[in-house]
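Quick one, fold the following:
(2 chains)
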Amino acid sequence: MKKSLAAGILGLSLAATGMAQAEPVKIGVITTLSGGGAGLGIDMRDAFTLAIKQSGNKEVELVVEDDAQKPELAVQIAEKMIQSDKVDLLTGIIWSNLAMAVVPNAVAQDIIYLSPNAGPSALAGANCNKNYFNVAYQNDNFHEAMGQYANQDYKKTFILAPNYPAGKDSLTGFKRYYKGELAGEIYTQVGQTDYAAEIAQIRDSGADSVFFFLPGGMGIAFMKQYAQSGVTIPVMGPAFSFDQDMLPAIGDAALGVKNSASWSKDLDNEASKAFVEAFKAEYNRLPSVYAAQSWDTANLILSALSKASVKDKDAFRAALKAADFKSVRGDFTFNTNNHPIQNVYVREVVREGDVLTNKIIATAFEKHGDAYAEQCKM
Amino acid sequence: MSIALLIEQLLNGLQLGVMLFLMAAGLTLIFGVMGLINLAHGSLYMVGAFACAAVAAATGSFWIGLVASLVAAAAAGAIVEVAVIRKLYERDHLDQVLATFALILIFSEGTRWLFGSFPLYLDIPPLLQGAVPLPGGGRYQLYRLAIIGVGIVVAIGLYLLISRTRLGMRIRAGESDREMIAALGVDIRTLYTVVFALGAALAGLAGALVGALQSVQVGMGEPVLILAFVVIVIGGIGSIKGALLGAILVGVVDTMGRFLLPKALALAMPAAQAGLIGGALASMLIYLVMAVILAVRPSGLFAAQS
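Residues are numbered from 1 along each chain as shown, chains lettered A, B, ... in the order given. Below is the predicted model of the structure:
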């Protein structure tokens, strides 16, 4: 009797998920697959497609397009995906300036957008939106963690970031928790490849440490030139400057550098281990934070699809907000502004065999939200 | 702000200028001699960087990589000239821009297909690692000094080539009157291929030299290409001397602008804001300089053809 009841319930629940799955869902993925930022977008896309593939959900259809890290192109792609592809959900954007160009317009057309990376402050506070879910972080978060951590060792830090929304959020976040003095504060150009002029100023500033946020090729160029310049002031930064996509190109110059992230491949939980194994098996390389966030984004979508129809926007939004999925980051919940509440860790670059990677050495924040949530009236 | 810092920044500006000169010299020669706008010049720069990184990784020697970059970029240039560019000389500039833009896409995707999307690693050779002392107590990276040296050698070499050799004479003749030099029995087709390969080799050299400082990745050539065009417009199209002076002007103005503007603004406003506004202004500075120079001398500082 018990057995048949259990089987009956199992059958029912299978039928329920089966019903939800039977309905086709179209997800538009706009990400950076060419140019200097391509490594980030490719990790994003690869993890996302792998998560969908592993779920065995045949009804999810992906439309993937390359934004070439250009806001105007991203806007065109988003319009095309909404108007002619008729996508149900949008995701994928890596860069905050592209997110600022696409997201407000898309959510205004009642399209749900899930961010696997960019989390500009302008979308987290007063301009938050019920259709905008950030599965990654609010931009300030990683930088806040590094500011907090820097207080232990440093009194006079030189800070620099590119001149775009995430760069401004970065330095704002760092300064929010850093109590020491600033030896200098520089905004560089987005896509800048030569940092000789900035490094000369760092050398001259009398700083005891350098905090920098330079994702992708910018960070590689900076770190190489910094190591070659002979300046020995210790550096630190968010994971974006020292992640798996960049370490091979930076080389040994990165060894020992502290950086902050919500995830690292040595994080001790089942979901994370399974993810790292699956990613390595499929692509023969280690995943980055971008890949981890994107994996979570895909799994969040899958969890919501198993509960509600994507056509029923209210029910689907509620299912997303419940965040009922196994995050590779461990505990994960949504704040009132649909941005994560999560732990942020400090990692150190280490050598494992002949690959450079990161390992966690401290927890900077537990269950950390963001500074803008209270301005969000939703 | 110390004297050492100022000297270091001037050297940084000079080094950027020299690197731009290597790009602009080829671009301006090709435009001057053949009347061709070559947008794919940045791709040849990328080819040089990838060839150097790949060969250096395989052989363990940066120097073999450097030779490989020259050979690969010159070969790529010659092949492209024979296969595509040759058919464009008689067309107008719009067709040339379209075709060479297509070449950018082909080179980028081809490189991505061969090497993948992740940046390659290329380090400076052990011989040139380290820094040398500067007057005033500063230090300057030896490798960047070497780049300045290479630029000076190339500038002198190009000057001698163009003013003292038979090939140079033909190039000058090709610049001033294409039909006449062909009528006099000079093989203009081979001359064009040689000039194109020479320009390509210089771009490849720049790519390899800079690849060791920055990251070797797909699309690395396009930002430099824009600056190189600014340089030849300022210098006067077709003039090597103009390219040299234009390149150094752009390099120094850009570097000093990025360095001094935020500092100057910081006297009048909070540092964070000065950094933001100064940074934004600095990125416009070379275009402002270009606009001013064009207003005063519409055909550039040293226009070859009047």
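
Which positions within the one helix or strand B:L245 maps to qualify as buried?
Counting by DSSP states H and E, the element that carries B:L245 is helix B:240-266. By 16 or more other Cβ atoms under 10 Å in any protein chain shown, the buried positions in helix B:240-266 come out as B:240-262, B:265-266. All C-beta spots, glycine's among them, are computed from the backbone N, C-alpha and C.

Which secondary structure elements does it sit against?
strand A:181-188, helix A:196-205, helix B:3-34, helix B:142-164, helix B:221-235, helix B:271-296 (3 or more Cβ pairs under 8 Å, 6 or more residues apart in numbering or on different chains; DSSP states H and E).

Let's have these in TSV, adding mean pLDDT and distance to A:G173.
Putting the helices and strands packed on helix B:240-266 into TSV (pLDDT from 0 to 100; distance: least, Cβ to Cβ, whole Å) gives the following:
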stretch	mean pLDDT	distance to A:G173
strand A:181-188	91	13
helix A:196-205	90	20
helix B:3-34	91	29
helix B:142-164	93	33
helix B:221-235	92	28
helix B:271-296	89	13
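
what are the phi and psi values for the residue most central in space within chain A?
The centre of chain A sits closest to A:N117, judged by Cα atoms, centre = their mean, with a distance of 3.1 Å. When quoted as degrees, to the nearest 10, the phi and psi of A:N117 stand at phi -150, psi -70.

which ones are touching it?
Counting by Cβ atoms under 8 Å, 6 or more residues apart in numbering or on different chains, A:N117 touches A:L40, A:M44, A:I93, A:I94, A:W95, A:A136, A:Y290, A:Q293, A:S294.

who in the stretch 101-250 of chain B is up against chain A?
Contact residues, the stretch 101-250 of chain B versus chain A (Cβ under 8 Å from any Cβ of the partner chain): B:108, B:112, B:117-121, B:123-124, B:129-131, B:138-139, B:141, B:143-144, B:210, B:213-220, B:223.

about what we covered before: would you mind putting the helices and strands packed on helix B:240-266 into a markdown table with distance to A:A371 and mean neighbour count alongside?
Putting the helices and strands packed on helix B:240-266 into a markdown table (distance: least, Cβ to Cβ, whole Å; neighbours: other Cβ atoms under 10 Å in any protein chain shown) gives the following:
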| stretch | distance to A:A371 | mean neighbour count |
| --- | --- | --- |
| strand A:181-188 | 19 | 22 |
| helix A:196-205 | 27 | 22 |
| helix B:3-34 | 36 | 24 |
| helix B:142-164 | 41 | 16 |
| helix B:221-235 | 34 | 23 |
| helix B:271-296 | 17 | 16 |
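
measure the nearest residue to A:S121 once chain neighbours are set aside to chain B for me?
Leaving out its chain neighbours, the residue that sits closest to A:S121 by Cβ to Cβ, 6 or more residues apart in numbering or on different chains is A:D169, at 5.0 Å. Distance, A:D169 to chain B, by Cβ to the nearest Cβ, to the nearest Å: 13 Å.

Next, count neighbours for A:D169.
28 (other Cβ atoms under 10 Å in any protein chain shown).

With B:G199 instead?
So B:G199, with other Cβ under 10 Å, has 29 neighbours.

ok, it touching B:G26?
Yes. Counting by Cβ atoms under 8 Å, B:G26 is a contact partner of B:G199 at 2.7 Å.

follow-up on the earlier one: by contact count, what packs against the helix or strand harbouring the residue nearest to A:S121?
Take DSSP H and E as the rule and A:D169 turns out to sit in helix A:165-177. Secondary-structure packing of helix A:165-177 (3+ Cβ pairs under 8 Å, 6+ apart): helix A:96-108, helix A:140-153, strand A:156-162, strand A:181-188.

Give me the residues contacting the last one.
By that I understand strand A:181-188. Contacts of strand A:181-188 (Cβ under 8 Å, 6+ apart): A:155-163, A:167-168, A:171, A:175, A:195, A:198, A:201-202, A:205-208, A:214, A:218, B:258, B:262, B:271-272, B:275-276, B:279-280.

Tell me where chain A has strands.
Using DSSP state E, the strands of chain A run over A:25-31, A:60-66, A:89-91, A:112-115, A:132-134, A:156-162, A:181-188, A:209-212, A:235-238, A:258-261, A:333-334, A:340-352, A:355-368.

Of all the ones you listed, which one is nearest B:V84?
strand A:60-66 (24.7 Å; Cβ to Cβ).

Strand partners (parallel or antiparallel) of the closest one?
Strand A:60-66 has these partner strands in its sheet, going by DSSP bridges: strand A:25-31 (parallel).

still on that earlier bit, any common contacting residues for B:G199 and B:G26?
Jointly contacting B:G199 and B:G26 under the rule Cβ under 8 Å, 6+ apart are B:H41, B:L44.

hmm, back to that, JSON lines please, covering the helices and strands packed on helix B:240-266 and showing distance to B:A76.
Formatted as JSON lines, these follow (distance: least, Cβ to Cβ, whole Å):
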{"stretch": "strand A:181-188", "distance to B:A76": "32"}
{"stretch": "helix A:196-205", "distance to B:A76": "29"}
{"stretch": "helix B:3-34", "distance to B:A76": "12"}
{"stretch": "helix B:142-164", "distance to B:A76": "19"}
{"stretch": "helix B:221-235", "distance to B:A76": "12"}
{"stretch": "helix B:271-296", "distance to B:A76": "29"}
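
what's around B:G116, how many residues?
When neighbours are counted by other Cβ under 10 Å, B:G116 registers 15.

Over to A:A318?
Residues within reach of A:A318, counting by other Cβ under 10 Å, total 13.

cool, A:G167 as well?
A:G167, neighbours per other Cβ under 10 Å, totals 25.

any idea how far A:A200 is from the closest residue to it other than its chain neighbours?
Once flanking residues are discounted, A:G167 sits nearest to A:A161: 3.6 Å by Cβ to Cβ, 6+ apart. Counting by Cβ to Cβ, to the nearest Å, the separation of A:A161 from A:A200 is 18 Å.
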